[in-house]
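A.B. asks: only geometry, no sequence info:
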């Protein structure tokens, strides 16, 4: 009987401990702003093993740097919070936001009608320009219109605007989207693709690191249509979190356009040569 009572007491103790565990604070303190990004899309974001003035730790070994990291840090500071960079695959960003694994997506993401059904967006924090990257010795290096890409093999990163806009080129051979931007560049370098769709800051960095490549800016009215704001990038917030959206928007509004351009220029200049 005594043994039975002991067993019952132990079970009750375990029940109480289990019940109390639900009140234990989560591993992420409330003053930490968790920001998701790929850390693989320079100059917006990349990973490095070297800490620096603008870097934030990803883990015990790697750090995140780039334009997005700077914007995330400025917003967190303005909100009186500490920023935590969470490295995620592109396709997991929105899902992680919806599952409360991160608080914001600051990853060079464009506000689209389709994405707006899943998350909310701030106004753009950067406005870019859509270009293509080609081999410097290619006959495409001097084109002035996207129509001159007709019949060519063009690739963009999967599930991004830069894969979607390829269909604006009449007669193009739209290659299957790459899993990452780096894979698209490798397809170009290997000859599997003739051109890679990109945004200007990224193209500048890629071509700086790869002297055999160049980027093409199209003449006015002859480039990709941007009537949907495809060349803009915005911060994504969980749909239900209207209070955070309002706070982040207010913080973003306090970053001047002049400063935004300066931060992008600096990020482009300091990105690793291999990015």
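C.D. replies: Nice, I can see it. Since the model is a prediction, treat every value here as computed from it, not as a measurement. Residues are numbered from 1 along each chain as shown.
A.B. asks: For the rest of this, base every contact and every neighbour count on C-alpha atoms.
C.D. replies: OK.
A.B. asks: Which residue lies nearest the spatial centre of this protein?
C.D. replies: Nearest to the mean C-alpha position of the chain, counting by CA atoms, centre = their mean, stands residue 107 at 2.0 Å.
A.B. asks: Please report how far that residue lies from residue 162.
C.D. replies: Going from residue 107 to residue 162 by CA to CA, to the nearest Å gives 14 Å.
A.B. asks: For the residue nearest to the centre of the chain, give me the pLDDT.
C.D. replies: Residue 107 carries a pLDDT value of 97.
A.B. asks: Could I get the buried residue list for stretch 127-141?
C.D. replies: 127, 129, 130, 131, 132, 133, 134, 135, 136, 140, 141 (16 or more other CA atoms under 10 Å).
A.B. asks: got CSV for those, with pLDDT too?
C.D. replies: Below are these laid out as CSV (pLDDT from 0 to 100):
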residue, pLDDT
127, 90
129, 90
130, 93
131, 96
132, 97
133, 98
134, 98
135, 98
136, 97
140, 97
141, 96
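A.B. asks: lowest-pLDDT helix or strand in this protein?
C.D. replies: helix 2-21 (a mean of 40; mean pLDDT, DSSP states H and E).
A.B. asks: What's the first helix or strand after that one?
C.D. replies: Using DSSP states H and E, the helix or strand that directly follows helix 2-21 along the chain is strand 32-37.
A.B. asks: Kindly spell out which helices and strands sit in contact with that following strand.
C.D. replies: strand 82-87, strand 104-105 (3 or more CA pairs under 8 Å, 6 or more residues apart in numbering; DSSP states H and E).
A.B. asks: Comparing those, which comes out most buried?
C.D. replies: strand 104-105 (a mean of 27; mean count of other CA atoms under 10 Å).
A.B. asks: Give the pairing partners of that strand; include direction for each.
C.D. replies: Each strand that pairs with strand 104-105, with its direction, by DSSP bridges: strand 32-37 (parallel), strand 236-238 (antiparallel).
A.B. asks: which one of those lies closest to residue 88?
C.D. replies: strand 32-37 (5.8 Å; CA to CA).
A.B. asks: ok, residues contacting that closest one?
C.D. replies: Strand 32-37 is contacted by residues 45, 72, 76, 81-90, 93, 101-107 when judged by CA atoms under 8 Å, 6 or more residues apart in numbering.
A.B. asks: quick one: contacts of stretch 86-93?
C.D. replies: Residues contacting stretch 86-93 (CA under 8 Å, 6+ apart): 34, 35, 36, 37, 38, 39, 58, 102, 105, 159.
A.B. asks: Including distance to residue 214, could the residues you listed go into a markdown table?
C.D. replies: Output for these, formatted as a markdown table (distance: CA to CA, whole Å):
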| residue | distance to residue 214 |
| --- | --- |
| 34 | 36 |
| 35 | 32 |
| 36 | 30 |
| 37 | 26 |
| 38 | 24 |
| 39 | 23 |
| 58 | 32 |
| 102 | 36 |
| 105 | 30 |
| 159 | 24 |
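A.B. asks: Show me which of those are buried.
C.D. replies: 34, 35, 36, 37, 38, 39, 58, 102, 105.
A.B. asks: With distance to residue 199 added, can I get the residues you listed in a markdown table?
C.D. replies: As requested, the buried ones among the contacts of stretch 86-93 are exported to a markdown table (distance: CA to CA, whole Å):
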| residue | distance to residue 199 |
| --- | --- |
| 34 | 26 |
| 35 | 22 |
| 36 | 20 |
| 37 | 17 |
| 38 | 16 |
| 39 | 17 |
| 58 | 25 |
| 102 | 26 |
| 105 | 19 |
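A.B. asks: ok, of those, which one's closest to residue 267?
C.D. replies: Out of the buried ones among the contacts of stretch 86-93, the member with the shortest distance to residue 267 (by CA to CA) is residue 39, at 13.1 Å.
A.B. asks: Find the residue closest to the closest one in space, skipping its chain neighbours.
C.D. replies: residue 46 (3.9 Å; CA to CA, 6 or more residues apart in numbering).
A.B. asks: Work out for me the element the one you found sits within.
C.D. replies: strand 45-48.
A.B. asks: Report the rounded mean pLDDT for that strand.
C.D. replies: pLDDT averaged over strand 45-48 gives 96.
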